[in-house]
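# Could you look at this predicted model? Sequence included:
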Amino acid sequence: MGHSTSEYVTWQEGQHVYEVDTYSHAKNPIQTGLAMAISMKPYSVEPQTVFGSRGSDLSSPHVTLESVQVNANSLTLYTTHGKMQTAYKNPRVSHGVFSVELVNMSLKSGMTVGTTYSKDGLSYEFADTGPDLILTCYFASNAPNAVQTGIGGGDIIGFTFK
């Protein structure tokens, strides 16, 4: 009956590789993907930094993490909508443990720093580092070697584990 559309855009300018991924539940995934692609700019302070259209300075608008969706090999974070403001830094897998810094973000009421949440063989917890959060994920089995990241619609951060 219905249909879904997703948009994935990737390109390289010099040493910088950009990627944008929108999902079918975005109001208009194609226009959203193109708008995000046009707004992307390099961030040169830390070589492994990945982010949305805002930097990590304290003047950036605050975002609240509203919910976390866990699937077999992925983790999707839903934040308050911020005009493509969702940001993260240094997503990495080390010794089978995934961690990422969520820039200028806090947890919604009912989610707590220091609490371990578990679903589908993945456990995760948040640590508070001032204006930012650190998300750490542990895997019951099939620990990943790599992670693919993406943002969608300005309020979604996706991590796919490989």
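Perfect, thanks for sending it. Residues are numbered from 1 along each chain as shown.

# what about Tyr117, how many neighbours?
Residues lying near Tyr117 (other Cβ atoms under 10 Å) number 14. From N, CA and C alone the C-beta is placed, and that goes for glycine too.

# same check, this time on Phe159
Quick note: Phe159 (other Cβ under 10 Å) scores 21 neighbours.

# same deal with Ile151?
Using other Cβ under 10 Å, the number of residues around Ile151 comes to 26.

# Unless I'm misreading it, it sits right up against Thr32, doesn't it?
No - using Cβ atoms under 8 Å, Ile151 is not in contact with Thr32, being 10.2 Å away.

# what's the nearest residue to His62 if we skip its chain neighbours?
Distances taken as Cβ to Cβ, 6 or more residues apart in numbering put Asn104 closest to His62, at 5.5 Å, once the chain neighbours are dropped.

# separation between the one you found and Ile156?
Asn104 is 17 Å from Ile156, where distance means Cβ to Cβ, to the nearest Å.

# Could you give the number of residues near the residue nearest to His62?
Around Asn104 there are 21 residues (other Cβ under 10 Å).

# now the helices for the chain?
With DSSP state H as the criterion, the chain has helices at 29-39.

# For Leu102, give me the pLDDT.
Leu102 carries a pLDDT value of 90.

# Run a quick neighbour tally on the nearest residue to it once chain neighbours are set aside.
Leaving aside its chain neighbours, Leu102 sits nearest to Leu133 (4.3 Å; criterion: Cβ to Cβ, 6+ apart). Leu133: 20 surrounding residues under other Cβ under 10 Å.

# and Leu133, what does it touch?
By Cβ atoms under 8 Å, 6 or more residues apart in numbering, the contact set of Leu133 is Leu65, Glu101, Leu102, Met105, Ser106, Leu107, Val113, Phe126, Ala127.

# let's go with 10 Å and repeat that
Contact partners of Leu133, counting by Cβ atoms under 10 Å, 6 or more residues apart in numbering, are 65, 88, 100-107, 113, 126-127.

# one step back: the residue nearest to His62 and Leu77, how far apart?
Using Cβ to Cβ, Asn104 is found at 14 Å from Leu77.

# Mutual contacts of the two, please.
Both Asn104 and Leu77 are in contact with Val63, where contact means Cβ under 10 Å, 6+ apart.
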